[in-house]
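A.B. asks: predicted model follows, preceded by the sequence.
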Amino acid sequence: MPAIAEAPTPACLAVNATLMEAVIKSTGNALTMCGLQADCVGAARVPHQESGIVTGMIGVHGAVSGFVTVNMSERFALQAVGGLMQEEFGPQLNSAVVDGSGELTNMVVGGIKSSLSTTEWAFSHITVPSVIVGKGYAIAYARGLEFLTTTFEYEDDDAVLLEDRLLHVSMSLLRR
């Protein structure tokens, strides 16, 4: 039987494998600490409007500069932070959940930093996390950045909306 040749991935669809691997590993580890498991269901080379209302943001700098965002729905934030703190939160966001969302962001970015430490994408410092609560904000990006947006979905039989099951991790990095 003749071998079937694989079609090459067009440049517009190919994501940076090193960055992708770091995000998947780090996000998986952070969610495990929250008692959750999620599968990576999508990746893109461009940022997109994130669907959740809780967004943690951390700046990174060193040989590479930029920032990483972790975006989730209110429902996801309540469950993740609840699992992390071994406490039940809800039915609405409160200051503990917002702080915990910042800590989840810190865990994800810390793992990414560790995974990238021996690559051309290594960064040496991260900022304190900031958390944006709400929708409708816009981020302006400089030219020349490398982007990676990943979407993770976790099983939640009680979630009616798809967006309640999604976590988005986005990176925008500039090599010096």
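C.D. replies: Great, that's in hand. Numbers count the residues shown, from 1 in each chain.
A.B. asks: stretch 101-120: how far from the chain's middle?
C.D. replies: 10 Å (Cα atoms, centre = their mean, to the nearest Å).
A.B. asks: so A38 touches F152, yeah?
C.D. replies: Yes. With contact defined as Cβ atoms under 8 Å, A38 reaches F152; the gap is 3.9 Å. For the C-beta atoms, the positions are set from N, CA and C on the backbone; glycine is no exception.
A.B. asks: mutual contacts of those two, please.
C.D. replies: Overlap of the contact sets of A38 and F152 (by Cβ atoms under 8 Å, 6 or more residues apart in numbering) consists of T27, L31, L167.
A.B. asks: secondary structure and pLDDT for the residues you listed - can I get that in CSV?
C.D. replies: Formatted as CSV, these follow (DSSP: H, G, I helix; E, B strand; the rest coil; pLDDT from 0 to 100):
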residue, secondary structure, pLDDT
T27, helix, 97
L31, helix, 96
L167, strand, 94
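A.B. asks: between those, which sits nearest D156?
C.D. replies: Distances from D156 to the shared contacts of A38 and F152, taken as Cβ to Cβ, are shortest for L167 (11.4 Å).
A.B. asks: distance of the closest one relative to V133?
C.D. replies: As judged by Cβ to Cβ, to the nearest Å, L167 and V133 stand 16 Å apart.
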